[in-house]
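Engineer: here is a sequence together with a model predicted from it:
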Amino acid sequence: MASDGVTDLAGGDILDVAEKIRKVDPSDMLGVLSSMPGQVRDAYSLPRPKLRIPRPASIVVLGMGGSAIGGDLLGACLLEKGGPQVIVNRDYDIPAFVDKNSVVFAVSYSGNTEETLSGFAQAKKRGCRIVTISSGGKLNELGEAAMHIALPKGLQPRAAVAWMLVPMLGVLEDMGVADVRTDVEEAAGMLEGMMKELAPSVPASKNLSKEVAAELHGTFPMIFSGPLMAPVAKRWRTQLNENSKMLAREDILPEMDHNDLVAWSEDPMAAHCAVILLRDDAEHPRVAMRMELTRKLGLDRARSVREVRSRGKGTLARLLSTMAVGDFSSVYLAVLRGVDPTPVRVIEKLKKQLAG
Ligand code: F6R
């Protein structure tokens with residue numbers, strides 16, 4: 001861990017001193033996260049292709065990492081709207097059922113991710129309608145100009161999640177798959193309020209994300225949710241991985257009760273874990289009951305257990321509000337650990353080595 005004077009201070013002290021945060025977060029990941037409400041609004045107004053497929057047989061999102069999570073969130077939004085199932089393909093090959101009646105979104109912030117480019121080439125061969133979404137790169141060159149959604153440059157892919165998610169919602173809205181205008185407005189408004197609550201200027205005693213960061217510091221974080229919030233649980237985990245540079249894990253109830261719970265009730269490692277339960281008012285009443293019982297029968301053996309509840313009415317607001325708490329927590333945790341949240345050097349190194 002870096003020893004730069006900053007990290008020698010106690011957790012609360014570091015998170016309440018703006019200058020200290022700036023020192024550990026020189027590329028201002030916190031500032032980028034704060035732009036989320038604007039991202040949501042601006043992404044909804046981006047020019048987007050108009051597709052004429054009244055009822056697509058499938059909706060497939062090709063993407064990896066920070067560019068794939070928007071596909072998971074899209075799937076969760078459509079679930080409650082009765083839209084078609086969304087398949088997020090994090091692979092080189094696309095499933096055999098993908099054909100000319102599928103709508104394919106090829107999403108890569110850089111436009112150069114090899115798995116996404118491989119999936120794109122296969123979808124093209126099968127005659128699929130492909131909307132490409134990138135800030136440049138090969139995807140920009142290979143996609144049809146009229147089917148391309150161009151993103152602003154200069155962000156980390158994971159910090160551009162709204163730029164990638166919202167235009168997909170817009171394309172599907174134009175096709176008549178789901179009405180999202182009100183949801184987008186609600187989500188942007190909700191996030192605006194949350195940015196004020198989670199901002200670095202709000203002291204640790206009143207700032208949920210700073211509290212969460214202090215609680216997760218020095219633990220192995222485990223994030224659990226019901227099925228609808230699963231993309232957000234994954235996002236929490238991946239933000240802890242990439243921003244806080246920490247190992248973390250997520251799982252979903254009710255499935256975890258059929259495996260994980262056994263370990264929770266017996267493994268001494270539980271005492272090193274900090275649990276976050278992502279709760280949602282729309283979760284199945286039996287899942288709600290399971291959350292309580294799972295706590296009593298196993299999770300209470302963890303170092304800490306905290307519930308974070310979604311806010312808002314529409315699915316998009318509920319997903320993004322819960323995501324925002326995790327995003328900010330991951331950066332505050334990076335500050336506590338003395339690690340710059342922005343760079344992901346080892347991913348870049350791997351991509352270079354793969355490219356030979
Ligand atoms: C980096 C990040 C990564 C990338 C992934 C795919 O911020 O989140 O998970 O998203 O390596 O790269 P892109 O998004 O450029 O296709």
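Structural biologist: In hand now; what should we look at? Computed from a predicted model, the values in this text were never measured in an experiment. Numbers count the residues shown, from 1 in each chain.
Engineer: which residue packs closest to the residue in the chain positioned nearest to the ligand, ignoring adjacent ones?
Structural biologist: Going by Cβ to the nearest ligand atom, the ligand is nearest to Gly65 of the chain, at 2.1 Å. C-beta: built from backbone N, CA, C; applies to glycine. Spatial nearest neighbour of Gly65, excluding adjacent residues (Cβ to Cβ, 6 or more residues apart in numbering): Pro157 at 6.5 Å.
Engineer: how near is the one you found to Leu142?
Structural biologist: Relative to Leu142, Pro157 is positioned 18 Å away (Cβ to Cβ, to the nearest Å).
Engineer: what about Pro221, is that helix, strand or coil?
Structural biologist: strand (DSSP: H, G, I helix; E, B strand; the rest coil).
Engineer: ok, it - contacts?
Structural biologist: Listed by Cβ atoms under 8 Å, 6 or more residues apart in numbering, the contact set of Pro221 reads Trp236, Arg237, Leu240, Met246, Ala248, Arg249, Cys273, Ala274, Val275, Ile276.
Engineer: again, 10 Å this time
Structural biologist: Pro221 makes contacts with 212, 215, 236-237, 240, 244, 246-250, 273-276, 302, 304, 326, 329-330, 333, as judged by Cβ atoms under 10 Å, 6 or more residues apart in numbering.
Engineer: can you tell me who it pairs with across the strands?
Structural biologist: Ala274 (DSSP bridges).
Engineer: how about the residues of the stretch 51-200 of the chain that lie near the ligand?
Structural biologist: Residues of the stretch 51-200 of the chain found near the ligand (Cβ under 6 Å from any ligand atom) are Met64, Gly65, Gly66, Ser67, Ser108, Tyr109, Ser110, Thr113, Thr116, Gln156, Pro157, Arg158.
Engineer: what ranges do the strands span in the stretch 251-356 of the chain?
Structural biologist: Along the stretch 251-356 of the chain, the segments classed as strands by DSSP state E, counting those that start in this stretch run 273-279, 304-309.
Engineer: may I ask you to confirm that the residue nearest to Gly65 is in contact with Val32?
Structural biologist: No. Look at Pro157 against Val32 with Cβ atoms under 10 Å: they stay out of range, at 11.6 Å.
Engineer: and those two? Which one has more around it.
Structural biologist: Neighbours were counted for Pro157 and for Val32 using other Cβ atoms under 10 Å; Pro157 has more, 27 against 21.
Engineer: give me the domain ranges for this protein.
Structural biologist: Using automatic domain parsing, the domains assigned to the chain come out as 14-27+192-337, 34-179.
Engineer: select, out of these, the one closest to Glu348.
Structural biologist: When the domains of the chain are compared by Cβ to Cβ, domain 34-179 sits nearest Glu348, at 10.1 Å.
Engineer: follow-up on the earlier one: my guess is the residue of the chain closest to the ligand meets Arg237, correct?
Structural biologist: No. Here Gly65 does not reach Arg237: they are 11.9 Å apart, not a contact under Cβ under 10 Å.
Engineer: higher neighbour count, the two?
Structural biologist: When Gly65 and Arg237 are compared for neighbours, Arg237 comes out ahead with 22 against 19, by other Cβ under 10 Å.
Engineer: and Asp183, what are its phi and psi?
Structural biologist: phi -60, psi -40 (degrees, to the nearest 10).
Engineer: and the residue nearest to it when sequence neighbours are not counted, how far from Asp42?
Structural biologist: In space, and not counting its chain neighbours, Asp183 is closest to Gly314: 3.9 Å by Cβ to Cβ, 6+ apart. Distance of Gly314 to Asp42, computed by Cβ to Cβ: 19 Å.
Engineer: from memory Gly70 sits against Ile149, does it?
Structural biologist: No. Between Gly70 and Ile149 there is no contact under Cβ under 10 Å: 11.7 Å.
Engineer: where does the stretch 51-200 of the chain dip in pLDDT?
Structural biologist: By pLDDT under 70, the stretch 51-200 of the chain has no low-scoring segment.
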